[in-house]
Structures are given as structure tokens and as C-alpha cells.
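Enquirer: Provided below are the primary sequence and the corresponding predicted coordinates.
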Amino acid sequence: MNESKNFLRTIVEEDLKSGKYKEIVTRFPPEPNGFPHIGHAKSIFINFGIAKDYNGHCNLRMDDTNPTKEDTKYVEALKDAVEWLGYEWDKSVRFTSDYFPQIHDYAIQLIKMGKAYVDSLSEEEIREYRGTVTEAGKRSKYAQRSVEENLDLFERMKKGEFKEGEHILRAKIDMSAANMKMRDPLMYRIRHVEHFRTGDEWAVYPMYDFAHCLSDYIEGVTHSICTLEFENNRDIYNWVLDTLELTPPRPYQHEFARLGINYTVMSKRKLLELVEGGQVSGWDDPRLPTIAGYRRKGYTPESIITFCDSVGIAKANSMVDVAQLEFCIRDDLNTKVPRVMCVLDPIKVTIENYEGSESIDASYYPEDVPKEGIRALPFSREIYIERDDFNENPPKGYFRLTPEQPVRLKHAYIISCKEVIKDTNGKTVEIIAEYSPASKSGSDTSGIKVKSAIQWVSAAEAKEVEVRLYDRLFSVEAPQGVEDINPDSLKIIKNALIEPAVISERPDERFQFERQGYFYADPVDYTTQKPVFNKIVGLKDSYSKKKKATPVKTQEKKVQIDGEVVAMSEKQQVLFDKYTSELKLNSEVANTLARDENLSSFYEQTLVELNSPVNLANIVTNEVAREIKETSVDTLKFTAKQIAELVKMIDDKTISNKIAKQVFEEMAKSGENPEKIVEAKGLVQISDPAKISPIIDEIIAKNPDNVAKFKAGNKKLLGFFVGQVLKATGGKANPQVVNKLVAEKLK
RNA sequence: UGGGGUAUCGCCAAGCGGUAAGGCACUAGUUUUUGGUACUGGUAUUCGGGGGUUCGAAUCCCUCUACCCCAUCCA
């Protein structure tokens, strides 16, 4: 289903190709402490989707390590959400609590290895000892306890001999780690609380950081996919699995950006606030971004999945426009759902010249929807139309009924307005109209041209229904709290009028109310006696959009202030001066070199080998710098001497800069001598125009379109042709020569 | 302030040294008995800013800026 690539899929594919894993195992691991929302849907889509597409499997695991917050009703909601979205989890639902015994054993093992200890500092002390982001922490004196003492204490913690907070099990890592999470993270805490599954069997519970990686490992998970805020926890994840020296394969953690949608809130806390504050009717309120909410509103699981697919997976924090979600549900429903007529704000129309009544066979679907089905549509002298569809003083561009302009009643006749009846306040209460007998839909011989066809219902047969019009819950893009709530997020229309077939036949539970939007028979409140419809989403409406003056956003270009650059030390300054004046390096290169001791000393070494200061400097500041950044100076595979040899070949024009890059990469990987690499791969530069020329001709012949574009003035394309030639020669053609020749030939 | 991330169109997002994909939104037009749908076109001379390397840079190097995450016995 999914051809779109993202960084996770790339990783998975590489791991499969390299044989790191034979089969992909993912997992969706929510804590059962709240109702799932569309953010969970994204995670479900990613985890189950990847497993499915790569023939692996995905586990559904409840991460129930904190008994104070969790409940079985949430696990039901979570299971429900996964099923509704159309996924199947592997075997039965798993629980971290099922692994408590194993996780406990691993903790014992860590204690025995001297890698974990029971700390007895108070909560406050622990916080103090942890230090701050800029200052190292200090280790608790209890960290010196013997293995035996730790084992004994931990055993007694487990048995429930201590009060909560009295002791805690910590990993012994590094109290001065730059990553705060690594400052002896807590692994087990005492909790005298009933766990919804294990009851009072345990008095200690593992923390997320200890339980999660091990649960993944126990389940044979290969790719542990989570959201960005766990990036800092990855070090612990790896530390636990590595120090335990578990038999491979082991899982690795990968993070993606969580889903944000504008005009709504996604955090558990804010959602809870809305539910408890009574701003919404419950967790399944159709205005909420919860799975239950979307479901009750009438969204299809397919539309949620396509939405998740369409927003992509990346690492940049982002806020997706709701319009994208709305597009997905409209697009899905458009081809699935029958069209019916419903009048939300009725005004009576009496068709003077019509007598009696008739039944019209009307198709449920427009011609462009490949589905069939008709219903009987009663027509009579008295009908209702939408108040909006009549205007006595129409603005320009109004297509509907006016005293001068006739309109078609969808599936029926063309009518025109004869008289407008008003009450004492001047409000229109009825329209007296006339119909054209020859204009019947499907057999129109009247010749009357209308600009629009409107929905209507027959007065006698129409059924009264309740329609709930939902709009976005918040009126601002990034709502902070209840103060941003949209006061018009729900409009209830108690007595809308709908054609009778909808109530008696109900061919489906979702409908398009012609010209208005998609609606869903409310799964809770709907009864045949008192039908209730929820608005899923409105149709696109380019008319009302046009009416509203679109505010033109003037985007000012942001002016960026450059920060101050740290001054050079005296030593660096001396080097810099030497590089610029003696060696004639440009100031930028000299600057980079002078400021980095590793780089400058490497550079000095190359200088001893070859007198080509500028080219050497360029390679060192750009290429060598990267290798040092990625690994470190000590692990470089190549030597300064080899770099000098490489530069010599550039100076000799044996190889081009482009080839040099290729050669350098090989050197960085294998540590082979540059001459050897050049020889082995036959990378000698081709500069002879006679040899290059025919290749260029061929490329030009193959790309007539681009030649035309180039001649039309698209000068960028020169690069395209040069690139093609270089590709054809395996990078060996001299690019300067190619450039010159191509430019000549294309003139 | 230390560490870890991120920055490509109004909103998402591909891209990994050789012509800046795609979707949403917007916009113009064609078809239309839904001001819907479908279809056709238009929308980034430029990738957070500034330098550098290269024949060629969104991609490599340096530097600055902005935003997010980390100092719960939550996950």
C-alpha cells in the first residue's frame, strides 16, 4: 500500500539487506493510562505498517509499569483502536507486567555485576545530587554498598519490607554524564499499590528506562520505534542491553516526531482537562482528536490511515494542517457514500401550478461515482428548501433562486419565484413558486437554463431529524487551553428535514447531504423515532470562500542577527597569521585550521610531505575534518603522508578533484594507498577532448528536451549535461574540459 | 548555561555532489442537474543566515541564528 519511503523504512531495509535481522519485529507499546488519540494512530500506522510491509510482525504491548495510573478499561480502548484501524497484533496482547520476573532477574544480574546499587537517599537528595545541566552530579554514598548488601536490600524491597521512597535501585553509570539521563538512572522503585494485573504480588516496579528495552529484547523486537522525546533515553536503552551482554540480535531504538495538528490539542493532560471540565461530552466527543471521537464523528479508519501516511514520518517537530485530515475523509467518503437531501434551515415553497403528488426515482450516486442504487423521492406542491438558497437581493455571482432567477430542484423540476410572503417583521416565511412541467429531470425539454440545482424535501413526507454540526474545537491554531475554545464548535439543529428514504431504508450509516457535507448516524443517540446525524466534514465550498475576503498574508523576511564569534587564542592567532601570510591560505580555511588543534597538527604533518599548502589545506579542512568529526583522530585509517600523495596526484592533474573525493572515501574506509586505489579502479582522469567529445554527442542526442530547454535559456542545465557525461565516464572525464566542450556544443 | 535533536513553498515532505519530487492549501480554466467530484494549468532561480571547498553545493567544511527535548521514585 505504501511506496513512500521514510528514514525508518530506509533503516529497516538496510538492516534486512545486511542480514542484521532475519525478520522485522516491531511493537506498539502504549501505557494503558488514557484514551488513544490520533497521535497513537500514527504510531500504530508506523509500527504495524512497517511490520506488514516487510513481512514481519508487530506486537501490541501494554507498558504497565506504573500501577498508580493504569487501568484495564484503557487496555480495552487501546485494543479497540488497533482493531478499528484494521491491524492485527501478533498472538495475544502482551504486557510488560508479564515480564516482571525476567526483568527482576536482569536487575539481580546487574547488581551482581556491580552495575546497580540500592540507594537510600531521599527523593530530594537524589534530585540535588543529580546536579544540573551545566554542573556534574555527585554519587550517593550508598553506591559503595557491597553486592551482598545490595542483593539483600533489593530482595527485601521486593518483599515489601520497606516503605515507598525508602530505597531505590539505581544503575551505576556516570554521575557527571553530559546526558542527564545517564546520571545513575533509577531502575526500580517501591510501590505498595495494587497493580491491575499482578495485584499485590510485587512491591517493586521497574521504571520505563529499565523495563522498556528489556521487554523489547524479550519479545525479539528488532526496531523499537518511539517519539522524539525519548532521544535522551536511547543511551540508557543501549547501556542496559549492552552491559547485560545479551545474546544477539538485540533491538535498537529509533525516534520520529510526534503528530501535531492545528486547532486541536493532543496532550493527555489537556484532553483530560476538556473532558473533566465539561467542555466536551466525553472521550468520544466528536470534536476531540481521540480515536473514539473521530469514530463517533463518522471518520472511517481508512481515512485516518491515509492521513497518517500522507503526513509522512520525519524528525522535525511539525504541526499538520487539519485541512489535510479533512481532505482524507472527504476523499474517502466521496466514492463510498450515497447522496441524499436534507434541509437544515427550511423555508416553505408552495408550487402554485402543481397539483397532486408523484414519486421520483432518484439515484443515490452521481454519475462519476461507480456505484448504483436508487430511492423513491416524493414530490408535491409543498416543499422546503434551504433558506440560504433563496435571496431577494442577490449579490453578484449568486446562482440560486431569486425573484428573477429560476433554479432546479435536484432530481425534479425547475421552479421560479412568483411571490415572497413575509411576516410582520419582514422575515420571509414562504415563497410562492411556479414550476415548469416540461423541465423534469432526465426528460427536460423546457429549454430553461439554470445556474444551480438545489436540495429540497417534500413537506408532507419529510422527516424531522436532529443534526449536530461540529466545527473545530479551538479557534486558534495552537491552542493553549480552554480560553481558546471556539464557542461555535457545536451547533445543534433540532428540526432539520430529511427525505424519508434515509430513515426508512438506511442503506448505509454515512451519507452525503447534497451540497452540504458528509454526515453520520450517531452510533449512540440515533433511533428511528429520533434520528440524529453528526456532521463528519463539510464539502469544499468555493462560493462562500470567495465571499470572505481572503486576508493577504504579508510575510516579512526575517532579519537574522549574527552572533559574536569567539576570539582566537594567542596560539591560534599565530597559526592563523602564518597560514594566511606565509602559506597564502584564504582566511576562512586558515581560520578553521587554526582553531582546531587536531586539524592544524594533521595539516602540519602533510605539509612536511608535500609543498602544496593550499590544496592540502583544502582537503584537510573539508574532507579530513569530516572523518575526524565522525570518528576521532586516533582511529583514522589514513596517514598524513597518504593525504599528501593524494594531493600530489591532484597537483599533477593525474586525477580531478572529483576523483580525489572518491579516492579519499576509499582511503577512509580501507586505509589503502591512494596510488593503489587509483590504479585498481582505473581512475585516471580523461582530459583528451577527442575522447570526451563523442560521449557528449551521445548525451546530447539522448536528451533533446533538455537541449531545447537549455537553448531556451535554462542555463542550469549545463550542470545536468556535465553530470551525465561524468556519470557515463565513471567520473573520469575532466570536468573543466567537459564543461567547456558542452558549452561549445550547445551554443 | 552542558548534552541531544531539528530547520527545504502558507502546512506536511522527498532529496545523501550533477534539472528543487509529491500531497494539502491557494489560484485560473474545462466538464458537471452538488458553487462537490474529475481533469488541465499556475504557484521555491532557491533549501534558516553568512562564509569556504568544488567545473558544479539543499547535500561536504566552518560559523552564527531560531525552535524542540533532558535536571518525575511518569512513560
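Expert: Perfect, I can see it now.

Enquirer: can I get stretch A:170-186 as PDB, trimmed to CA atoms?
Expert: The C-alpha trace of stretch A:170-186 is given here as PDB (Å, rounded to 0.1, in the frame of the first residue of the first chain):
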ATOM      1  CA  ARG A 170      19.800   2.600  40.500                       C
ATOM      2  CA  ALA A 171      22.100   1.800  37.700                       C
ATOM      3  CA  LYS A 172      25.700   2.700  38.300                       C
ATOM      4  CA  ILE A 173      26.700   4.700  35.300                       C
ATOM      5  CA  ASP A 174      28.100   8.200  35.500                       C
ATOM      6  CA  MET A 175      27.000  11.000  37.700                       C
ATOM      7  CA  SER A 176      28.800  13.500  35.600                       C
ATOM      8  CA  ALA A 177      27.500  12.400  32.300                       C
ATOM      9  CA  ALA A 178      26.500  15.300  30.000                       C
ATOM     10  CA  ASN A 179      23.300  13.400  29.300                       C
ATOM     11  CA  MET A 180      21.400  13.900  32.500                       C
ATOM     12  CA  LYS A 181      19.500  10.700  31.900                       C
ATOM     13  CA  MET A 182      22.700   8.800  32.400                       C
ATOM     14  CA  ARG A 183      23.400  10.100  35.900                       C
ATOM     15  CA  ASP A 184      22.700   6.800  37.600                       C
ATOM     16  CA  PRO A 185      19.200   6.300  36.400                       C
ATOM     17  CA  LEU A 186      16.500   4.800  38.700                       C
END
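
Enquirer: got the contact list for that stretch?
Expert: A:110, A:114-119, A:126, A:129-131, A:133, A:136-140, A:143, A:168-169, A:187, A:207, A:209-210, A:232-233, A:235-236, A:239-240 (Cβ atoms under 8 Å, 6 or more residues apart in numbering). The way it works is simple: take the backbone N, C-alpha and C, and place the C-beta from them, glycine included.

Enquirer: wait, doesn't A:Phe390 sit right on A:Leu401?
Expert: Yes. Proximity of A:Phe390 to A:Leu401 meets the contact threshold set by Cβ atoms under 8 Å, at 4.6 Å.

Enquirer: separate out the buried members of the contacts of stretch A:170-186.
Expert: A:110, A:115-119, A:126, A:129-131, A:137, A:139-140, A:143, A:168-169, A:187, A:207, A:209-210, A:233, A:235-236, A:239-240 (16 or more other Cβ atoms under 10 Å).

Enquirer: state the distance from whichever residue of the stretch 451-600 of chain A sits closest to RNA strand B to A:Val133.
Expert: Here the residue of the stretch 451-600 of chain A nearest RNA strand B is A:Gly563; by Cβ to the nearest atom of the strand that distance is 1.8 Å. Distance, A:Gly563 to A:Val133, by Cβ to Cβ, to the nearest Å: 20 Å.

Enquirer: ditto for A:Leu636
Expert: 32 Å.

Enquirer: which helix of chain A spans the most residues?
Expert: The longest helix of chain A (DSSP state H) is helix A:38-53.

Enquirer: what comes into contact with it?
Expert: Applying Cβ under 8 Å, 6+ apart, the external contacts of helix A:38-53 come out as A:1-2, A:8-9, A:12, A:24-28, A:30, A:56-58, A:78, A:81-82, A:85, A:87, A:89, A:223, A:225, A:227, A:256, A:258-259, A:261, A:266, A:289-291, A:294, A:304-305, A:307-309, A:311, A:313, A:325.
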